[in-house]
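Asker: have a look at this prediction, sequence included:
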Protein chains: 2
Amino acid sequence: MRLQELSEVTDVSIPSIKYYLREGLLPPGAPRARNQADYGEAHVRRLRLIRALIEVADLSLASVRLVIGVVEDETATTHEAFATAQDALSGRSDERDGTEEWLSAQTEVQRWLAGLAWQVRPGTPAEGELVDALVVLRRFEWATDASIFDHLIAHTLADAADEVATVDTAAGRSAQVEHVVIGTVAFERAGAALRRLALEHHSALRFPD
Amino acid sequence: MRLQELSEVTDVSIPSIKYYLREGLLPPGAPRARNQADYGEAHVRRLRLIRALIEVADLSLASVRLVIGVVEDETATTHEAFATAQDALSGRSDERDGTEEWLSAQTEVQRWLAGLAWQVRPGTPAEGELVDALVVLRRFEWATDASIFDHLIAHTLADAADEVATVDTAAGRSAQVEHVVIGTVAFERAGAALRRLALEHHSALRFPD
DNA sequence: CACTAATGGATAGCATTACTATCCCTCTCC
DNA sequence: GGAGAGGGATAGTAATGCTATCCATTAGTG
C-alpha cells in the first residue's frame, strides 16, 4: 500500500500522515526502494488508534505518544501495561495539585478509596481526577466528603469486570493493550453521552412545563 | 471586593480575570468610581464555574461562553435550559459527521435510541458522541450494533433520576442550571476516573503475573 | 495634600498545539 | 523518458488562552 492509498483508506491527509511519521507515532513503511515505502494493515490500525485517541478521547499528541509507547512495549507484564495505559489515557496535568484545598480533598479521596480496598496504585492520574471532582463539588456545596461517589461503585466495578473479561488471553500483548485502550475510550465517551441523554430525559419528566 | 482580592480568593491571575471580563464571560464589577469596581460573591461563583468548566470539563472558552449564556438566560423554561446546557457541555465538533461510515453508525444509534423511547431531542451532540463511540468500536471489531451499550442503560437512567431529583425547585433558574452543570461535569469526570481505577483493579485480579 | 499603587481600557505579544505548505531532488513505473 | 509519487527538510499557519505593557485616572495612606 502506498502513502496515497493509506491516506484514502484511513481518511487522514497525507501531510498529517507525514507529520505522524516525523513524530514517530506511525512507524515508517517497509522501504521498497530508497523513496518508495510499503504500508500495511498495521499502519491502518495504528492510524485508526491515533485518530480515535485524538477525536474520541481528546488526547494531545503527547499523550497519544505515551499510549503508543505502552502498546509497543512487549516487555511489561499484562497488568503493568494496562495500568500504564490507563494513566496515559487520563491526559490530566497536575498543575492544580498542592493547594491546601486540593490536599484536603486528596486526603478525603484517599481515605474513601482505602475503604474500597481495590488493588490500585496510589497517586494515579485517576485518583487526581477524583480529587478534582471533589474539589468542585465542595466549592459548589454539592458535597463535603467522597461518599457522594458511593453509588457509582457497584456498576462501575461490574462494568470493569466485564471489560477485562473480554481480553483475549491468546492474543499478543500489543493487541491486548490496544483492545483495552479502545474499550476504555469508547465506553467512557458513550457513558458520558448516555448520561447526558438520560439527564435530558429525566429533566423532561420532572419539568414538563 | 477589589480585583486583587478577587484574584487571591479564586486563585485566578489578574490578567486572566481581565481577559474574562474582556471576553464577557465575567460581568463587570459595580463601578464604585470611574476606575474602581466592586466585585462580590456572584463574581467568585462565576469564576469558579469558568475554572471548573475549563479544568474539569476541558471545555474551550467558546463552549464556556455557551454554558454561561444558558446560566444567564432567565427566560427559557427549566427543561429547555437544562437541555441546552447539556449540549454546550459536550464540546463536540461535528467535523467528522457525514461520511458513509459515520452515517451508517448514526442510523444504528438512532434505531437503538428509538427503542429506549427516551424524551430526548434528535440530533443532539450527545447522540453524535454515541455515534463516534460506535464508529470506533466497529473499526476495531468490538461491536457491530449499538446493543453493546445496553448494559449502560439501567444505572445511567437511575443516576440521572437521582441527579435531577437534587434540583431545588425553590431556587432561581440560574442557580438550578449552575447546579445541574456542576453535577454533570463533576460526576462525568468522577465516573470516568473510577472506571479506570476499577479496570486497574480487575486487571490486577485477572492478570496477577 | 502628596504619593504610591491599583484600576479600566486598549493594544500587542507570546507559547503551545497540530497541522499544512513548499522545496527539492530521487526514484519508479508505464 | 517523462509524469508523478516519495522522502526529507524547513518554514509557515490558524486557533487558543492567556500575558505584558502602556496609559491616564483615582483611591486610599500618611
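Answerer: Cool, got the structure.
Asker: after the helix or strand hosting A:L103, which helix or strand is next? Please name it.
Answerer: According to DSSP states H and E, A:L103 maps onto helix A:100-116. Next helix or strand after helix A:100-116 toward the C-terminus (DSSP H and E): helix A:125-139.
Asker: same for whichever strand or helix holds A:A175, what does it pack against?
Answerer: Taking DSSP H and E as the definition, one finds A:A175 inside helix A:173-206. Packed against helix A:173-206 by the contact rule (3 or more C-beta pairs under 8 Å, 6 or more residues apart in numbering or on different chains; DSSP states H and E) you find helix A:41-55, helix A:61-72, helix A:78-90, helix A:150-165, helix B:78-90, helix B:125-139, helix B:150-165, helix B:173-206. Where C-beta positions appear, they are placed from N, C-alpha and C, glycine not excepted.
Asker: if you count neighbours, what's buried in the second one?
Answerer: So the one you mean is helix A:61-72. A:63-68, A:70-71 (16 or more other C-beta atoms under 10 Å in any protein chain shown).
Asker: cool, and the longest one?
Answerer: Buried residues in helix B:173-206, counted by 16+ other C-beta under 10 Å: B:173-174, B:176-204.
Asker: kindly report the same for the third one.
Answerer: By neighbour count with 16+ other C-beta under 10 Å, helix A:78-90 contains the buried residues A:78-79, A:81-90.
Asker: can it be found next to chain B?
Answerer: Yes - shown here: helix A:78-90 in contact with chain B (C-beta under 8 Å from any C-beta of the partner chain) through A:78-80, A:82-83, A:86, A:89-90.
Asker: distance between that helix and the chain's centre?
Answerer: 9 Å (C-alpha atoms, centre = their mean, to the nearest Å).
Asker: send the alpha carbons of that helix over as PDB?
Answerer: In PDB, the C-alpha atoms belonging to helix A:78-90 read as follows (Å, rounded to 0.1, in the frame of the first residue of the first chain):
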ATOM      1  CA  THR A  78       0.000  -7.600  31.100                       C
ATOM      2  CA  HIS A  79      -1.200  -5.800  34.200                       C
ATOM      3  CA  GLU A  80       1.600  -3.300  34.200                       C
ATOM      4  CA  ALA A  81       0.800  -2.500  30.600                       C
ATOM      5  CA  PHE A  82      -2.900  -2.000  31.300                       C
ATOM      6  CA  ALA A  83      -2.200   0.200  34.300                       C
ATOM      7  CA  THR A  84       0.300   2.400  32.400                       C
ATOM      8  CA  ALA A  85      -2.200   2.700  29.500                       C
ATOM      9  CA  GLN A  86      -4.900   3.900  31.900                       C
ATOM     10  CA  ASP A  87      -2.600   6.600  33.200                       C
ATOM     11  CA  ALA A  88      -1.700   7.700  29.700                       C
ATOM     12  CA  LEU A  89      -5.400   7.900  28.800                       C
ATOM     13  CA  SER A  90      -6.100  10.400  31.500                       C
END
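Asker: packing partners for that helix?
Answerer: Counting contacts by 3+ C-beta pairs under 8 Å, 6+ apart, helix A:78-90 packs against helix A:61-72, helix A:125-139, helix A:173-206, helix B:173-206.
Asker: quick one: average pLDDT of the last one?
Answerer: Spelled out, it's helix B:173-206. For helix B:173-206, mean pLDDT is 96.
Asker: quick check: angle from that helix to helix B:78-90?
Answerer: Counting by axes from the mean of the first three to the mean of the last three C-alpha atoms, to 10 degrees, helix B:173-206 points 50 degrees away from the direction of helix B:78-90.
Asker: what angle sits between helix B:173-206 and helix B:150-165?
Answerer: 140 degrees.
Asker: for the residue sitting nearest the centre point of chain A, give its distance to A:A160.
Answerer: The centroid of chain A falls nearest to A:L89 when counting by C-alpha atoms, centre = their mean (3.0 Å). For A:L89, the distance to A:A160 equals 14 Å [C-beta to C-beta, to the nearest Å].
Asker: check A:G69 too.
Answerer: A:G69 is 23 Å from A:A160, by C-beta to C-beta.
Asker: repeat for A:V131
Answerer: On the measure of C-beta to C-beta, A:V131 and A:A160 end up 20 Å apart.
Asker: contacting residues around stretch A:123-132?
Answerer: Contacting residues not belonging to stretch A:123-132 are listed as A:83, A:86-87, A:90, A:92, A:94, A:96-97, A:102, A:105-106, A:109-110, A:113, A:120, A:146, A:149, B:55-56, B:189-190, B:192-194, B:196-197, B:200 [C-beta atoms under 8 Å, 6 or more residues apart in numbering or on different chains].
Asker: rewinding a little: what is the nearest of the residues of helix A:78-90 next to chain B to B:E8?
Answerer: If you rank these by distance to B:E8 using C-beta to C-beta, A:S90 comes first, at 29.8 Å.
Asker: my read is that the closest one contacts B:R196, right?
Answerer: Yes - the criterion here is C-beta atoms under 8 Å, and A:S90 meets it with B:R196 at 7.1 Å.
Asker: thinking again about what came up before, make JSON lines from the residues of helix A:78-90 next to chain B and add pLDDT to it.
Answerer: Output for the residues of helix A:78-90 next to chain B, formatted as JSON lines (pLDDT from 0 to 100):
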{"residue": "A:T78", "pLDDT": "93"}
{"residue": "A:H79", "pLDDT": "95"}
{"residue": "A:E80", "pLDDT": "95"}
{"residue": "A:F82", "pLDDT": "96"}
{"residue": "A:A83", "pLDDT": "96"}
{"residue": "A:Q86", "pLDDT": "96"}
{"residue": "A:L89", "pLDDT": "96"}
{"residue": "A:S90", "pLDDT": "94"}
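Asker: farthest-apart pair in those residues, please.
Answerer: Among those, the pair separated by the greatest distance (C-beta to C-beta) is A:T78 and A:S90, at 19.7 Å.
Asker: quick check: residues of chain A near DNA strand C?
Answerer: By the rule C-beta under 7 Å from any atom of the strand, the part of chain A lying against DNA strand C is A:13, A:15-16, A:18-19, A:32-36, A:54, A:60-62.
Asker: inside helices: which ones of the residues you listed?
Answerer: Using DSSP state H, the subset of the residues of chain A next to DNA strand C located in helices is A:15-16, A:18-19, A:54, A:61-62.
Asker: mind putting those in TSV, distance to B:V44 and pLDDT included?
Answerer: Formatted as TSV, those follow (distance: C-beta to C-beta, whole Å; pLDDT from 0 to 100):
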residue	distance to B:V44	pLDDT
A:P15	46	93
A:S16	43	95
A:K18	48	94
A:Y19	43	95
A:I54	35	96
A:L61	36	96
A:A62	33	95
